[in-house]
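Trainee: Kindly return the folded structure for what I paste below:
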Amino acid sequence: MLDPISIDYGALNLASLIPMIIIILGGLAILVIDLVKDTLSKSFFVMLSELFILLALGAAFGYHGGERGFFDAILIDGIAKLGEGIILIASALFIPLALTSKRFHEFSYPEFFALFLFMIAGFMFMVTSDNLILIFVGLETSSLALYTLIAMHNRQKSFEAAIKYFTMGAMAAGFFVFGVLIIYALTGSVEIHKIEQVLIEKNFEPLAGVLLAVVFMVASLGFKLSMVPFQTWVPDVYEGASAALAGYMSIVPKIAGFVVAIRFFEIFVHAQIGWVQDILWITAVVTMTATNIMALVQESVKRMLAYSSISHAGFAMSAILIGTTQSNSALFLYWILFTFTNLGAFTLLWISRHKQKGKWHSRYDHPYDKFSGMIKVMPIVAVIMGIFMLSLAGVPPFSLFWGKLYLMSSAINSGYIWLALFMALNSAISVYYYLKLIVYMFLKEPIENDGTIYMKNASGALKTIIGFAALMTLGATIFVSPLLEIITDFVKASGY
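Mentor: Numbers count the residues shown, from 1 in each chain. The predicted structure follows:
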């Protein structure tokens, strides 16, 4: 007679799952409510989604239980909480944008909000686990939802973007699975902390197997983080998505990927495995440099911001190569500051739109010419966009200057002098294309009868979010030091 299966409910630790459960229940609640009553306005679903996101945020930072949960598959450490915080705060800023315009019909579908919440849950599972199988489930859950959200924009370019993203995502998923398969064959585990123990005991042998696993993982996470040469999908996907969703995509999927990369690659960085460090060094430098050069020649502001967001991801990837507490703290500081600045910049693309399709460009909705003389038409919008551009360029005293400063300081303190020089050089290169937009807005004359409608009566939600993003960009000098101390405490508590 077989012995009954016993379950250790203490190891289940359901409290560790509460933030994700709240988000999933929110998505299910929206679908059920829509089935019962299908005449509710999008304002109701915006408020409901916002409520569940804020409840999950409170549950994430209010959790004080053990680090491990769900039979050791969940890991709630400092970097998990930082990742959850960035994901949920960026999501809370994005959702109210659904109230800003009637042009984007996807916001009128309750399914949009349900899919958005399921996507958030996927990202949260990625940052709160060191189990490669659960990370993969979170990765695919978030990706499948995001493919659909892009396609719901319901334009030909949106369908094209969703198909491209799906195709590249499927390939990245295959790379991830092959990488996990090899790692499991080498170590007999899919939990990163156990994988680390086995690899150290085996002195990272056999070399060929470990090298192949690392290459597959670099390719998979390189797609999620849009590292060169896996960035080819980014400009077309961002162009096909709505401006605000493109801004969201430039922030949230990447922080989830960064957390996974920290957990996995720092096994090799801390063990000082030279060839892994070389791969990360080349990836970071080529990504920030190549995409900066590509951004120089763009005709569309949206595509320029897409390439610049890849370059910023290359900056952040440098922190994983350095692998110290200071560098990891600088990464999270950098990405928090980047969240407000970049989401604000993409959101401002909503401020103007074409009345006549293809008036300025047969393909792009946001060519530079459309912003000519904006200081004379919408002076406040031009000034705020100028602030965002100067911040992205790393001009003091705006927010991203401090992020770049701390990141380069961590590189110098760890002996990565050449890496710091490449960071400084790329910051200088980026000034050109950020100032190019400022020149169009402030120094060129507005074109008469340009076919552009300016949303002078923008909704309160839009004004609030842009104002908040601008305030965070301008006020970084005041709050960046205490924020860095808080981040450092979280990172130290995680042992990174």
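
Trainee: what's residue 64 sitting at in phi/psi?
Mentor: With angles defined as degrees, to the nearest 10, residue 64 sits at phi -130, psi 20.

Trainee: ditto for the one 5 residues further on
Mentor: For residue 69, the backbone dihedrals are phi -160, psi 170 (criterion: degrees, to the nearest 10).

Trainee: quick one: it and residue 369, what's the gap?
Mentor: Distance, residue 69 to residue 369, using CB to CB, to the nearest Å: 54 Å. Where you see a C-beta, it was placed from the backbone N, CA and C, and this is true even at glycine.

Trainee: Over to residue 394?
Mentor: For residue 394, the distance to residue 369 equals 26 Å [CB to CB].

Trainee: So for those two, which sits in the more crowded spot?
Mentor: Using other CB atoms under 10 Å as the criterion, residue 394 and residue 369 rank with residue 394 on top: 25 against 17.

Trainee: which element is the closest residue to residue 422 other than its chain neighbours on?
Mentor: Sequence neighbours aside, residue 285 is the residue nearest to residue 422 in space, at 5.1 Å (criterion: CB to CB, 6 or more residues apart in numbering). For residue 285, the host element (DSSP states H and E) is helix 274-296.

Trainee: same deal with residue 176?
Mentor: Element membership of residue 176, judged by DSSP H and E, is helix 156-187.

Trainee: Which strands or helices does that helix pack on?
Mentor: The contact analysis (3 or more CB pairs under 8 Å, 6 or more residues apart in numbering; DSSP states H and E) places helix 156-187 against helix 132-151, helix 192-201, helix 207-224, helix 234-240.

Trainee: How far does that helix sit from its chain's centre?
Mentor: Counting by CA atoms, centre = their mean, to the nearest Å, helix 156-187 is centred 17 Å from the centre of its parent chain.

Trainee: That helix to helix 132-151, inter-axis angle?
Mentor: Taking axes from the mean of the first three to the mean of the last three CA atoms, to 10 degrees, helix 156-187 and helix 132-151 form an angle of 170 degrees between their directions.

Trainee: pLDDT (mean, whole number) over helix 156-187?
Mentor: In this model, helix 156-187 has an average pLDDT of 88.

Trainee: list the buried ones in that helix?
Mentor: Going by neighbour count (16 or more other CB atoms under 10 Å), the buried part of helix 156-187 is 157-158, 160-162, 164-166, 168-169, 172-173, 175-176, 178-180, 182-183, 186-187.

Trainee: now do stretch 438-445
Mentor: Under the neighbour-count criterion of 16+ other CB under 10 Å, stretch 438-445 has 438, 440, 441, 442, 444 buried.

Trainee: Can you pull out the residues in contact with that stretch?
Mentor: With contact meaning CB atoms under 8 Å, 6 or more residues apart in numbering, stretch 438-445 is reached by 368-369, 371-376, 382, 385-386, 389-390.

Trainee: Columns secondary structure on top of these, output as TSV?
Mentor: TSV is the format used below for these (DSSP: H, G, I helix; E, B strand; the rest coil):
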residue	secondary structure
368	helix
369	helix
371	helix
372	coil
373	coil
374	helix
375	helix
376	helix
382	helix
385	helix
386	helix
389	helix
390	helix
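
Trainee: what's the closest of those residues to residue 468?
Mentor: Nearest to residue 468, judged by CB to CB, of the contacts of stretch 438-445 is residue 385 at 15.3 Å.

Trainee: what's the burial count for the closest residue to that closest one other than its chain neighbours?
Mentor: Once flanking residues are discounted, residue 385 sits nearest to residue 348: 5.1 Å by CB to CB, 6+ apart. Other residues within reach of residue 348 by the criterion other CB under 10 Å amount to 24.

Trainee: got a pLDDT number for residue 348?
Mentor: Value for residue 348, per-residue pLDDT: 85.

Trainee: Three-state assignment for it, please.
Mentor: Residue 348 - assigned by three-state DSSP - is helix.

Trainee: Distance of it relative to residue 366?
Mentor: Noted for residue 348: a distance of 10 Å to residue 366, by CB to CB.

Trainee: Next: residue 215.
Mentor: Per CB to CB, residue 215 is found 37 Å from residue 366.

Trainee: In terms of neighbours, single out the busier of those two.
Mentor: residue 366 (23 against 15).

Trainee: Out of the helices and strands in this protein, which is least certain?
Mentor: The weakest-scoring helix or strand in the chain, judged by mean pLDDT, DSSP states H and E, is strand 452-454 (a mean of 52).

Trainee: following that one, which helix or strand comes up?
Mentor: helix 460-474.

Trainee: residues making contact with that following helix?
Mentor: The set of residues external to helix 460-474 that reach it, using CB under 8 Å, 6+ apart, is 93, 96-97, 99-100, 337, 340-341, 343-344, 347-348, 350, 384, 387-388, 391, 398-399, 455.

Trainee: and if you look at stretch 62-71?
Mentor: Under the criterion CB under 8 Å, 6+ apart, residues 8, 11-19, 74-77, 81 lie in contact with stretch 62-71.

Trainee: I'd like to know which of these are part of helices.
Mentor: 11, 12, 18, 19, 81 (DSSP state H).

Trainee: Kindly write the PyMOL command that selects the buried subset of these.
Mentor: Command for PyMOL, covering only those of those found buried under the criterion 16+ other CB under 10 Å:
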select buried, resi 18+19+81
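
Trainee: Output the ones in helices among the contacts of stretch 62-71 in TSV, with distance to residue 312 and pLDDT appended to each entry.
Mentor: Formatted as TSV, the ones in helices among the contacts of stretch 62-71 follow (distance: CB to CB, whole Å; pLDDT from 0 to 100):
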residue	distance to residue 312	pLDDT
11	39	67
12	39	74
18	32	92
19	27	93
81	23	93
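
Trainee: and which of the ones in helices among the contacts of stretch 62-71 is nearest residue 200?
Mentor: Of those, the one sitting nearest to residue 200 (CB to CB) turns out to be residue 11, at 25.3 Å.

Trainee: returning to that earlier point: residue 306 versus the residue nearest to residue 422, what's the distance?
Mentor: Using CB to CB, we find residue 285 at a distance of 20 Å from residue 306.

Trainee: who's more crowded, the two?
Mentor: Using other CB under 10 Å as the criterion, residue 285 and residue 306 rank with residue 306 on top: 28 against 21.

Trainee: thought that one was touching residue 250?
Mentor: Yes: here residue 306 reaches residue 250: they are 7.3 Å apart, a contact under CB atoms under 8 Å.

Trainee: any shared contact partners between the two?
Mentor: Common contact partners of residue 306 and residue 250 (CB under 8 Å, 6+ apart): residue 238.

Trainee: Low-confidence stretches in this structure?
Mentor: Where the chain drops to pLDDT under 70, the residues are 1-11, 100-106, 154-155, 351-364, 448-459.

Trainee: Give me whichever of the helices and strands packed on helix 156-187 is most buried.
Mentor: Comparing the helices and strands packed on helix 156-187 by mean neighbour count (mean count of other CB atoms under 10 Å), helix 234-240 comes out on top with a mean of 23.

Trainee: by contact count, what packs against that helix?
Mentor: For helix 234-240, the packing partners by 3+ CB pairs under 8 Å, 6+ apart are helix 156-187, helix 243-249, helix 301-322.

Trainee: looking at the helices and strands packed on helix 156-187, which is closest to residue 88?
Mentor: helix 132-151 (13.6 Å).

Trainee: Convert the C-alpha atoms of the closest one to CSV, please.
Mentor: Presented in CSV, the C-alpha positions along helix 132-151 are these (Å, rounded to 0.1, in the frame of the first residue of the first chain):
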residue,chain,number,x,y,z
LEU,A,132,13.8,28.8,-14.0
ILE,A,133,10.6,26.9,-14.8
LEU,A,134,8.5,29.5,-12.9
ILE,A,135,10.5,32.3,-14.5
PHE,A,136,9.7,30.8,-17.9
VAL,A,137,6.0,30.6,-17.1
GLY,A,138,6.0,34.2,-16.0
LEU,A,139,7.9,35.2,-19.2
GLU,A,140,5.5,33.5,-21.5
THR,A,141,2.4,34.7,-19.6
SER,A,142,3.5,38.3,-19.9
SER,A,143,4.7,38.0,-23.5
LEU,A,144,1.5,36.4,-24.8
ALA,A,145,-0.6,39.1,-23.1
LEU,A,146,1.6,41.8,-24.5
TYR,A,147,1.4,40.4,-28.1
THR,A,148,-2.3,40.7,-27.9
LEU,A,149,-2.3,44.2,-26.4
ILE,A,150,-0.1,45.5,-29.3
ALA,A,151,-2.5,43.9,-31.9
